[in-house]
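> Got a predicted structure plus its sequence, pasted below:
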Amino acid sequence: MKIVRTRSSADDITYGGVEPEGIRLYRGTPFVAWEPTEVVVPFEETQLLSPTIPTKVVAIGRNYAAHAAERDAVVPDEPIIFIKPSTSVIGPAATVRIPPHSRRVEHEAELAIVIGRVARNVPVEDAAGYVLGYTVGQDITARDLQHRDGQWTRGKGFDTFCPLGPAIETEFDPQEGQRIVCRVNDEVRQDGVVSDMVFGPAELIAFVTGVMTLLPGDVILTGTPEGIGPLQDGDLLETEVEGLGLLRNPVSE
């Protein structure tokens with residue numbers, strides 16, 4: 001099932017499920033209790049928003065060996081985690097804003113895990129039971145500030161620096177070799193395979209929940225393949241994971 005969060009022409013924000021003829025609206029949320037209504041809204045009459053509003057986004061650094069190599073960094077022995085604030089999250093078609101503080105803002109295409117229930121100290125073998133589904137994400141980074149600060153909070157934490165969407169796919173299996181692709185102005189910048197992650201989703205969930213409790217709707221960004229590069233005012237950023245859809249975001253100063 002593809003789960004979306006939409007704003008209708010009446011300015012109502014609702015969760016829904018994607019069907020061939022449109023989006024079926026649901027009562028409640030997929031994280032607590034929800035049920036379908038009889039209302040199906042045509043695609044052209046809705047605006048897709050970020051499919052989840054996380055309390056936190058936990059991102060993973062250097063989780064593809066080729067990306068670690070292009071950064072002249074070693075592959076870590078255990079996951080490197082950092083937090084992106086919930087205020088960095090935007091949805092499909094929303095604008096990524098280049099902050100005046102930075103002269104080097106870069107894209108990082110990522111597979112995103114959406115947590116479905118409260119998760120704390122989850123064993124690897126049980127991790128799949130805590131996943132609602134997967135979506136497409138971007139870990140936008142002010143690279144110059146990341147280097148200057150010596151830690152990653154400011155460089156990763158600006159508003160609009162975490163596009164997510166377009167939908168949460170509940171039937172996605174990240175071990176099937178799906179491609180993850182990033183294009184800027186139709187030029188392919190990143191082209192990787194999600195199963196090439198150093199630490200897979202189950203390992204990441206176990207590691208992160210050994211540190212902090214994840215709540216329903218929280219997101220783990222699983223790392224980026226090689227090919228990161230700069231974004232400029234006027235660019236069109238497209239991020240696609242095979243089986244999950246296309247996330248498109250304009251870039252502006």
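Thanks, I have it.
> Flag the helix or strand of the protein with the lowest per-element mean pLDDT.
In the chain, no helix or strand scores lower on mean pLDDT, DSSP states H and E than helix 65-70, which sits at a mean of 82.
> after it comes which helix or strand?
strand 80-84 (DSSP states H and E).
> what does that following strand rub up against?
Outside strand 80-84, the residues that touch it by Cβ atoms under 8 Å, 6 or more residues apart in numbering are 56-63, 139, 152-153, 156-157, 161-162, 207-208, 211, 221. The way it works is simple: take the backbone N, C-alpha and C, and place the C-beta from them, glycine included.
> Try it again at 6 Å.
Strand 80-84 is contacted from outside by 56-59, 61-62, 152, 156-157, 162, using Cβ atoms under 6 Å, 6 or more residues apart in numbering.
> could you give me the average pLDDT of it?
What strand 80-84 shows for mean pLDDT is 97.
> Residue 216: which of the contacts of strand 80-84 is nearest?
Taking Cβ to Cβ as the measure, residue 56 is the one of the contacts of strand 80-84 closest to residue 216, at 12.0 Å.
> what sits against that closest one?
Contacts of residue 56 by Cβ under 6 Å, 6+ apart are 83, 218.
> what do you get for the one 4 residues further on?
Residue 60 makes contacts with 79, 222-223, as judged by Cβ under 6 Å, 6+ apart.
> Could I get the contacts of strand 80-84 in JSON lines, plus columns for pLDDT and secondary structure?
JSON lines is the format used below for these (pLDDT from 0 to 100; DSSP: H, G, I helix; E, B strand; the rest coil):
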{"residue": "56", "pLDDT": "98", "secondary structure": "coil"}
{"residue": "57", "pLDDT": "98", "secondary structure": "strand"}
{"residue": "58", "pLDDT": "98", "secondary structure": "strand"}
{"residue": "59", "pLDDT": "98", "secondary structure": "strand"}
{"residue": "61", "pLDDT": "94", "secondary structure": "strand"}
{"residue": "62", "pLDDT": "93", "secondary structure": "coil"}
{"residue": "152", "pLDDT": "94", "secondary structure": "coil"}
{"residue": "156", "pLDDT": "98", "secondary structure": "helix"}
{"residue": "157", "pLDDT": "98", "secondary structure": "helix"}
{"residue": "162", "pLDDT": "98", "secondary structure": "strand"}
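> So residue 128 versus residue 202, what's the distance?
Using Cβ to Cβ, to the nearest Å, residue 128 is found at 7 Å from residue 202.
> picking up where we left off before, looking at the contacts of strand 80-84, which two lie furthest apart in space?
Longest span within the contacts of strand 80-84, Cβ to Cβ: 56 and 62, 20.1 Å.
> Who wins on neighbours among the contacts of strand 80-84?
residue 162 (28 neighbours; other Cβ atoms under 10 Å).
> my read: that one touches residue 87, true?
No: at 9.0 Å, residue 162 does not count as touching residue 87 under the criterion of Cβ atoms under 6 Å.
> I'd like the distance from the least confident helix or strand of the chain to the chain centre, please.
Distance of helix 65-70 from the chain centroid (Cα atoms, centre = their mean, to the nearest Å) equals 20 Å.
> And for stretch 225-237?
On Cα atoms, centre = their mean, the centre of stretch 225-237 falls 16 Å from the chain's centre.
> thinking again about what came up before, tell me the one of the contacts of strand 80-84 nearest residue 41?
residue 162 (26.3 Å).
> Could you give the bridge partners of the closest one?
residue 89 (DSSP bridges).
> Contact partners for it?
57, 84, 88-89.
> how about 7 Å then?
Contact analysis of residue 162 by Cβ atoms under 7 Å, 6 or more residues apart in numbering lists 57, 84, 88-89, 137-140.
> Which strand residues bridge the nearest residue to residue 102 once chain neighbours are set aside?
In this structure, residue 102 finds its nearest non-sequential neighbour in residue 142, 3.7 Å apart by Cβ to Cβ, 6 or more residues apart in numbering. Bridge pairing for residue 142 (DSSP bridges) gives the partners residue 105.
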